[in-house]
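> Build me a model:
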Amino acid sequence: MTIKVIIENNNKYESLYSIIPKDYEEWATLKSISGDIVRIAPGEATEVLLTFDINRKMSGDKIFNLDIVSDEGEVVKSQPIGVFVEESRTKVVDFIKANWKLGGIILLNLILIIAIIVVAARIYRK
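Numbers count the residues shown, from 1 in each chain. Predicted coordinates for the structure are as follows:
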């Protein structure tokens, strides 16, 4: 999951900010931040991308906090961010849904193989 955050500098001077996501550990792992420390000119804005790996079996509404900390160590903004996490599916299910004809052929082949084994076992017993 990638979340785009836009940070704006409303000060009259250039500022250096640290981007600190918190309280996501229960449902995800932070994979990367495109700029965990950003320098922003006065009146300008910058975009930061937060990329998370969602933990298996997690789904539903989740919340994490994003702290913006100035270079002086002061929390300029603390913002809760809500996200919706879709239920994860296995890659096999996704593959079969995307390629249902191929999935049908594979299923038919499995049925035929089982039938051949059953017939061969009955012939062997006689």
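> how does this protein divide into domains?
2-85, 91-125 (automatic domain parsing).
> any chance of those domains in JSON lines, plus mean neighbour count and mean pLDDT?
C-betas here are computed from N, CA, C, even on glycine. Listed next are these as JSON lines, based on neighbours: other CB atoms under 10 Å; pLDDT from 0 to 100:
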{"stretch": "domain 2-85", "mean neighbour count": "14", "mean pLDDT": "90"}
{"stretch": "domain 91-125", "mean neighbour count": "10", "mean pLDDT": "85"}
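> Quick check: beta-bridge partners of residue 62?
residue 83 (DSSP bridges).
> Surely it is in contact with residue 86?
No. Using CB atoms under 8 Å, residue 62 is not in contact with residue 86, being 11.1 Å away.
> Where is the longest helix in this structure?
helix 100-125 (DSSP state H).
> Can you give the distance of that one from its chain's centre?
Mean-position distance between helix 100-125 and its chain equals 39 Å (CA atoms, centre = their mean, to the nearest Å).
> Could you do stretch 20-32 as well?
With CA atoms, centre = their mean, you get 11 Å for stretch 20-32.
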